[in-house]
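**Q** Give me coordinates for this.
(one chain, ligands or ions: 1)
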Amino acid sequence: MEGFSKVAQRSDITSAELKIVDVDGVQVVLTELNGAPIAFANLCTHEECDLGYGALDGEEIECDCHGSIFNVLSGEVLQGPATERLPVFAVRVDGDDVLVGPA
Ligand code: FES
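**A** Sure thing, here's the model as predicted:
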């Protein structure tokens with residue numbers, strides 16, 4: 001992913017929803033945490049299950065497939081079996097536009 005791409009309206013991003021969007025062929029999860037939009041990879045780094053269908057608990061998301069837990073702000077693996085950190089993406093807000101950039 002190069003540069004920033006407009007992916008959503010700010011008003012469509014809430015903490016109540018994990019929204020999966022395609023950004024230049026990369027599946028990205030958009031949601032809101034602590035009042036700000038965040039973006040992280042949809043595919044678990046273990047065996048590529050969808051994280052966007054899981055539930056966010058604070059800064060942590062657990063993969064439904066085998067229980068890996070990631071910090072969605074740092075990408076850090078908090079619990080295996082995954083060993084590779086989760087890509088997290090830069091987010092900018094421009095008016096009501098939400099833009100996602102490189103990890
Ligand atoms: S695919 Fe996510 S823990 Fe295995």
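
**Q** any idea how far A82 is from the ligand?
**A** Distance of A82 to the ligand, given as CB to the nearest ligand atom, to the nearest Å: 5 Å. Heads up, the C-betas are built off the backbone N, CA and C, glycines and all.

**Q** all strands of the chain, in order?
**A** 5-9, 19-23, 26-33, 36-41, 56-57, 60-62, 69-71, 77-79, 88-89, 91-94, 97-100 (DSSP state E).

**Q** tell me the angle the fourth one makes with strand 26-33.
**A** Taking axes from the mean of the first three to the mean of the last three CA atoms, to 10 degrees, strand 36-41 and strand 26-33 form an angle of 150 degrees between their directions.

**Q** residues from the protein in reach of the ligand?
**A** The chain comes close to the ligand at residues 44, 46-47, 49, 63, 65-68, 81-82, as judged by CB under 6 Å from any ligand atom.

**Q** cutoff 5 Å now
**A** For the chain, the residues in contact with the ligand (CB under 5 Å from any ligand atom) are 44, 46-47, 49, 63, 65-66, 68.

**Q** Throw those residues into JSON lines and include distance to V21, pLDDT and neighbour count, thanks.
**A** Shown next, in JSON lines, are the residues of the chain next to the ligand (distance: CB to CB, whole Å; pLDDT from 0 to 100; neighbours: other CB atoms under 10 Å):
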{"residue": "C44", "distance to V21": "17", "pLDDT": "97", "neighbour count": "23"}
{"residue": "H46", "distance to V21": "22", "pLDDT": "98", "neighbour count": "18"}
{"residue": "E47", "distance to V21": "22", "pLDDT": "97", "neighbour count": "12"}
{"residue": "C49", "distance to V21": "18", "pLDDT": "97", "neighbour count": "16"}
{"residue": "C63", "distance to V21": "19", "pLDDT": "96", "neighbour count": "24"}
{"residue": "C65", "distance to V21": "21", "pLDDT": "95", "neighbour count": "16"}
{"residue": "H66", "distance to V21": "25", "pLDDT": "95", "neighbour count": "14"}
{"residue": "S68", "distance to V21": "22", "pLDDT": "96", "neighbour count": "24"}
